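K.L.:
Predicted model and sequence below, questions to follow.
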Amino acid sequence: MSEFTLLDRLRQPEYTGENRCRPCTVVNLGIIAVAGVAVAVWSALAAAVVVAVGLVALALRGYVVPGTPRFAPRLVEPLPFDFGHTDPLRETDTLSDAGDDAAEADPQAVLESLVVAGVVEDDGEQLFLNDAFREAWTDRMATLRSADESAFLDRIEAASPADIEAQLHNDHVLLAGGRDVWLRPSVAIAETAAVETLAEWDLPAETRPLATQPLRTFLRTCPVCGGPVSETTCRDCCGGSGSVHESPDQPVLACEDCGAAVAEL
């Protein structure tokens with residue numbers, strides 16, 4: 001096997017170059033340094049080998065520790081630095097996941113409830129959002145994104161199906177409780193406003209948080225800036241939602257103005 005072929009097999013271009021994740025790199029550099037110091041107690045030569053191998057692996061593969069793209073961004077989130085990281089939209093990060101006893105949604109039952117309540121209408125060929133609901137939902141999103149931090153977090157807590165404390169951490173919202181949940185601002189705004197709007201429609205209270213995730217697929221305006229949203233693909237430095245090998249180009253609804261992803265398709 002040639003040297004070029006060996007290096008080519010070792011490389012992971014989906015995690016290097018322009019796709020390199022800075023938080024992943026920072027975390028792995030720290031791990032390599034700690035490993036080097038630990039081994040140096042026994043042998044300086046062995047420590048140099050460990051550090052050298054780690055740096056080569058980091059350069060070729062993007063990270064040393066398996067699974068780094070899943071945990072590194074959250075580890076560096078509290079730090080007062082901008083790593084230029086675009087966190088993948090995770091469909092598990094939704095308002096209904098808050099609390100220890102997060103309810104499992106039956107998508108068909110939730111959809112039927114929305115149709116019965118008149119929130120979603122069916123013309124026999126396709127589903128679409130009721131105009132009155134869309135207008136009220138859009139208005140609530142506008143008031144929520146313009147609210148001060150205290151009011152913003154209070155409304156998220158009130159919309160949550162569990163007893164949680166909402167906290168703002170840089171560009172994410174943490175729902176701190178028995179089971180911590182991290183929300184993008186686009187998701188936090190859209191789903192909180194949806195729960196508030198659904199309260200005015202004939203939909204059971206326990207179903208409202210469960211309905212917010214599918215409702216996001218009907219969005220036409222961005223919850224964050226009010227710009228238009230359209231279908232596109234999302235591929236960030238950690239390979240998008242899940243693994244880049246499984247889904248290199250994730251279709252999403254995203255804002256044409258600010259780029260915020262609002263829903264996976």
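P.N.:
It's in.

K.L.:
got the contact list for Leu219?
P.N.:
Leu219 is in contact with 190, 229, 253, 262-263, counting by C-beta atoms under 8 Å, 6 or more residues apart in numbering. For every residue, glycine as well, the C-beta is placed using N, CA and C.

K.L.:
again, only this time at 10 Å
P.N.:
By C-beta atoms under 10 Å, 6 or more residues apart in numbering, the contact list for Leu219 reads 129, 134, 137-138, 141, 186, 190, 194, 228-229, 253, 255, 262-263.

K.L.:
among those residues, which are in strands?
P.N.:
129, 229, 253, 255, 262-263 (DSSP state E).

K.L.:
The residues you listed: which two are farthest apart?
P.N.:
Leu129 and Cys255 (17.7 Å; C-beta to C-beta).

K.L.:
Between those two, tell me which one has more neighbours.
P.N.:
Taking other C-beta atoms under 10 Å, Leu129 and Cys255 do not tie; Cys255 has more neighbours (22 against 18).

K.L.:
Identify the bridge partners of that one.
P.N.:
Beta-bridge partners for Cys255, by DSSP bridges, are Val229.

K.L.:
Read off the pLDDT value for it.
P.N.:
With respect to pLDDT, Cys255 has a value of 88.

K.L.:
Run through the residues that contact the closest residue to Leu129 other than its chain neighbours.
P.N.:
Spatial nearest neighbour of Leu129, chain neighbours left out: Phe218 (4.3 Å); criterion: C-beta to C-beta, 6 or more residues apart in numbering. The contact partners of Phe218, by C-beta under 10 Å, 6+ apart, come to 114, 119-120, 127-130, 133-134, 137, 194, 253, 263.

K.L.:
where along the stretch 101-250 of the chain do the helices fall?
P.N.:
107-117, 131-145, 149-159, 185-198, 208-215 (DSSP state H, counting those that start in this stretch).

K.L.:
As CSV, those helices with mean pLDDT, distance to Val49 and mean neighbour count would be great.
P.N.:
Listed next are the helices of the stretch 101-250 of the chain as CSV, based on pLDDT from 0 to 100; distance: least, C-beta to C-beta, whole Å; neighbours: other C-beta atoms under 10 Å:
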stretch, mean pLDDT, distance to Val49, mean neighbour count
helix 107-117, 90, 52, 15
helix 131-145, 96, 52, 17
helix 149-159, 95, 50, 17
helix 185-198, 95, 45, 26
helix 208-215, 92, 49, 23
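
K.L.:
To Val26, which of those lies closest?
P.N.:
helix 185-198 (23.4 Å).

K.L.:
Output the closest one as PDB, nothing but the C-alphas.
P.N.:
The C-alpha trace of helix 185-198 is given here as PDB (Å, rounded to 0.1, in the frame of the first residue of the first chain):
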ATOM      1  CA  PRO A 185     -33.200  30.400  19.700                       C
ATOM      2  CA  SER A 186     -35.200  29.500  16.600                       C
ATOM      3  CA  VAL A 187     -36.700  26.500  18.300                       C
ATOM      4  CA  ALA A 188     -37.300  28.100  21.600                       C
ATOM      5  CA  ILE A 189     -39.100  31.100  20.100                       C
ATOM      6  CA  ALA A 190     -41.200  29.100  17.600                       C
ATOM      7  CA  GLU A 191     -42.200  26.400  20.100                       C
ATOM      8  CA  THR A 192     -43.000  28.700  23.000                       C
ATOM      9  CA  ALA A 193     -45.100  30.900  20.700                       C
ATOM     10  CA  ALA A 194     -46.800  27.800  19.400                       C
ATOM     11  CA  VAL A 195     -47.800  26.600  22.800                       C
ATOM     12  CA  GLU A 196     -49.200  30.000  23.700                       C
ATOM     13  CA  THR A 197     -51.200  30.200  20.500                       C
ATOM     14  CA  LEU A 198     -52.500  26.600  20.800                       C
END
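
K.L.:
State the mean pLDDT of stretch 34-51.
P.N.:
92.
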